[in-house]
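Peer 1: Any chance you could fold what I've pasted below:
(chains A and B)
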Amino acid sequence: MLPRRLPAVNIPHLWRKPVLSRLQQEIEKGLAAAIVRRFGIQPPAVDASLPPDTTLGDLAFPICLQLARILKKSPREIAGALKEDVAALPGVTRVEVAGAGYLNVFLDRVVVLRSLLADPGGPPALADEGKIIVEHTNINPNKAAHIGHLRNAILGDTLVRALRYLGRQVEVQNYIDDTGVQVADLVVGFENLDVPAPAVVAREHEHFDSFCWDLYARVTALYKEQPELKARRGEVLHRMEEGGNATADLATDLAARIVRHHLATMARLDIGYDLLPRESDILRLKFWARAFKLLRARGAVQRIDTGKNAGCWVMDLADDPEFADIADTQKVLVRSNGTVTYTGKDIAYQLWKFGLLGCDFRYRRHEDDSPGRPLWVTTSDRGENHAPSFGAGHRVYNVIDSRQAYPQKVVTKGLASLGFTAEAGRSHHFAYEMVALTLDCAKELGMDLTDEDRARPYLEMSGRRGLGVKADDLMDLLVERAASEVLKRHPEMDRKELDGIARTLAVGALRYFMLRFTRNRVIAFDFDEVLSFEGETGPYALYSVVRATNILRKVAESGGPRLSDLPALAEQWLTTETPQPPAGEWTLARECGRLGDVVAESVEKCEMAGIARHVFTLAQTFSTFYHRFPVLTAADETTRQRRILLVDLFRRTMLRALDLMGVQVPARM
RNA sequence: GCGCCCGUAGCUCAGGGGAUAGAGCGAGGGAUUCCUAAUCCCUAGGUCGCAGGUUCGAUUCCUGCCGGGCGUACCA
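Peer 2: The predicted structure is shown next:
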């Protein structure tokens, strides 16, 4: 569904890059100028790369390999001619011609280290762009959240954190589809299956959402036995859209109850929102009517009189090359029975997100908000007077799995066909592949599988079949697992601390797991993998920071500088004549210096796996450092101080990097 | 049918026009009077799905095949 690379989410020019890349940029410019001077040609893009290891240099330029053809000279000869010019650039201590003709640059490590210590993990500063709206989570409020929803929420929340780190103003929205077919199914379930009223269920079951998970699967089975119930579902849907009747009230109540559970589930992972826009309000406040009018005025929708779409209002996509692949070029926005499809409502919603609809929701505080994190929900009743202003964003990310790429394209096309081409260009479908279940996993869940199922590489989760791993169940498993690991190492630990650490480790394990896969890869979910705390996992990363923290604690305990003294120590060190740090230590510093670039690149590519990977690389680099270089018992005071500062640089960088992933660091584990 | 995604070590995955293709798990071997062994070090393991093309150079770009997944709804 996606182009191979997303259309570049263009980040307006970085006017201040992190220290490493800033230096790198200067050298790229200087090298380009030298090429013009020596050879009288304008070179292609001069880009630095990283040499395989730091003993070869800190930056490597392959440009001479490309110039060889143009200049008809050997790459090494060209590199040799440029070597002195590059060596004279500020921040460069040495240049070597290596391999086939690489120009390898050694940086002044002390200069770099000084800047890093002054601002560890600092982001590149970006030109202000205005509000960015990120929509994620968006779970149908008719059942418990499952691990597929977790991938969505974790990707979305990480994107939000990355954007905020880059200095963006972000508004997080979690759209509540409370008038959709799936909620109607649940209403049919409560009406026709032998279950207590919702209020009673809520009293008797701690997990109302989990109860509905089962009920939803039972309704699906019931439709097979009593097909006439499907007509009832249609009626229910109609009544829900009308509002102001008992059926609609039941639906609203059910959706609200389940949303509260979803919010609680996500809160366990430190995922929150600013606004819950409700679909019912889009209807009640006539958002669709308004969007529909605009679309008709532009001739962007047509009423169809004949054929299978007779009686519907559709958007015709035939003339658009983007949709050349679609067999049926008409996308229905208004059904023949007069109700609006999700895509129709989504067009209205998207217009509102950009402030193009000319009308607004009313707002009230959600009952589950907290002083530190206000949460608002839309309403069509009287709103509160002091609500902040929502919507009217400059850029919009919709975090939605790639199975919905086609309707997302229709939404964007809707904007474009109304003449809002700039906004269409700033509408980003942040697409990712689904989470499926391995066959082993499905068996562990006790699912009975068909032969067809067993022939597949993995199974798509299905709410209708009740096939899936619930988010809360997985979290419970992770917390339990974490608690037992911590207890093994700290048998004396009190319950309260243990619970806190176990929760932190569980969040770290889960969030790391969901982020380590690039978004175009289907995750075939497997319990053993997600429950692993060794190797490339969240707990491994946390462990490295805990160790760093321990070193610094022991430094303080042995009469050395305390955490609060370290800035002063860095300051003092900054002004002292210092030898260049050796390669093994420098590698750690260099990795720390890359965070800002890594995040900027991750946002540009909408690829949050880059952040996870970098966190792992940082942890791994530190682990190597930890084993090779004693800090407390360093040979001399200069070395000891430098290492203390390096450990602190690592610690502070990791705190920021892990915070981007929504993970806190425990004091011990 | 058409479109999109995936195919890299036994398994799970990174990477990406150029320096010996990387990591984790698993397998084998080693390290703990020393800052937590949730760690570290070493070894084995790869015609980067297949075939063409572009290029000084392709695992990476292009084309065509093969295998798998998803989409192509008056569900979302």
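Peer 1: Please tell me how far whatever residue of the stretch 401-550 of chain A ends up closest to RNA strand B sits from A:Leu487.
Peer 2: The minimum distance from the stretch 401-550 of chain A to RNA strand B, using CB to the nearest atom of the strand, falls at A:Gly535 (2.2 Å). (Each C-beta comes from the backbone N, C-alpha and C, glycine too.) Going from A:Gly535 to A:Leu487 by CB to CB, to the nearest Å gives 21 Å.
Peer 1: hang on, the earlier thing: what's the neighbour count on the residue of the stretch 401-550 of chain A closest to RNA strand B?
Peer 2: Using other CB atoms under 10 Å, A:Gly535 has 8 neighbouring residues.
Peer 1: Where does pLDDT dip in chain A?
Peer 2: A:1-19, A:321, A:324-327 (pLDDT under 70).
Peer 1: try 80 this time
Peer 2: Across chain A, the ranges flagged by pLDDT under 80 are A:1-22, A:44-45, A:53, A:69, A:124-127, A:318-329, A:576-577.
Peer 1: Give me the domain ranges for chain A.
Peer 2: Segmentation of chain A into domains, based on automatic domain parsing, reads A:19-120, A:132-432, A:436-468, A:470-669.
Peer 1: Between the two ends of the second one, how far is it?
Peer 2: The reference is to domain A:132-432. 20 Å (CA to CA, to the nearest Å).
Peer 1: Show the contacting residues for A:Leu150.
Peer 2: Going by CB atoms under 8 Å, 6 or more residues apart in numbering, A:Leu150 touches A:Leu269, A:Val435, A:Ala471, A:Leu474, A:Leu510, A:Met514.
Peer 1: Distance-wise, check it relative to RNA strand B.
Peer 2: 16 Å (CB to the nearest atom of the strand, to the nearest Å).
Peer 1: can you tell me which helix or strand that residue belongs to?
Peer 2: helix A:147-165 (DSSP states H and E).
Peer 1: and the next element down the chain from that helix?
Peer 2: Tracing the chain C-terminally past helix A:147-165 and defining elements by DSSP H and E, one meets strand A:170-173 next.
Peer 1: Take that next one, keep the C-alpha atoms, and write them as PDB.
Peer 2: Listed next in PDB are the C-alpha coordinates belonging to strand A:170-173 (Å, rounded to 0.1, in the frame of the first residue of the first chain):
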ATOM      1  CA  VAL A 170       1.900  18.100  19.400                       C
ATOM      2  CA  GLU A 171      -1.800  17.400  20.000                       C
ATOM      3  CA  VAL A 172      -2.700  13.700  20.600                       C
ATOM      4  CA  GLN A 173      -6.100  12.500  19.600                       C
END
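Peer 1: for it, which positions count as buried?
Peer 2: A:Val170, A:Glu171, A:Val172, A:Gln173 (16 or more other CB atoms under 10 Å).
Peer 1: With respect to A:Val112, which of those residues is nearest?
Peer 2: Checking the buried residues of strand A:170-173 against A:Val112 by CB to CB gives A:Val170 as the nearest, at 30.7 Å.
Peer 1: can I assume the closest one is in contact with A:Gly130?
Peer 2: No. Taking contacts as CB atoms under 8 Å, A:Val170 lies outside contact range of A:Gly130: 10.9 Å.
Peer 1: which residues does the spatially most central residue of chain A contact?
Peer 2: Geometric centre of chain A, nearest residue: A:Leu155, 2.5 Å, by CA atoms, centre = their mean. Residues near A:Leu155 by CB under 8 Å, 6+ apart: A:His136, A:Val399, A:Phe430, A:Tyr432, A:Met514, A:Leu515, A:Arg519, A:Met608.
Peer 1: mind listing which of the residues you listed are in helices?
Peer 2: A:Met514, A:Leu515 (DSSP state H).
Peer 1: what are the ranges of the helices in the stretch 251-400 of chain A?
Peer 2: Assigned by DSSP state H, counting those that start in this stretch, the stretch 251-400 of chain A shows helices spanning A:279-284, A:287-297, A:342-353.
Peer 1: returning to that earlier point: for the helix holding A:Leu150, which positions count as buried?
Peer 2: Using 16+ other CB under 10 Å as the test for burial, helix A:147-165 gives A:147-163, A:165.
Peer 1: ok, now stretch A:244-256?
Peer 2: The neighbour-count check on stretch A:244-256 (16+ other CB under 10 Å) flags A:Thr247, A:Ala248, A:Leu250, A:Ala251, A:Thr252, A:Leu254, A:Ala255, A:Ala256 as buried.
Peer 1: what do you get for stretch A:396-407?
Peer 2: A:Val396, A:Tyr397, A:Asn398, A:Val399, A:Ile400, A:Asp401, A:Ser402, A:Gln404, A:Pro407.
Peer 1: Of the residues you listed, which are in range of RNA strand B?
Peer 2: A:Ser402, A:Gln404, A:Pro407 (CB under 7 Å from any atom of the strand).
Peer 1: now these in CSV, with distance to A:Leu449 and secondary structure?
Peer 2: Shown next, in CSV, are those (distance: CB to CB, whole Å; DSSP: H, G, I helix; E, B strand; the rest coil):
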residue, distance to A:Leu449, secondary structure
A:Ser402, 25, helix
A:Gln404, 26, helix
A:Pro407, 30, helix
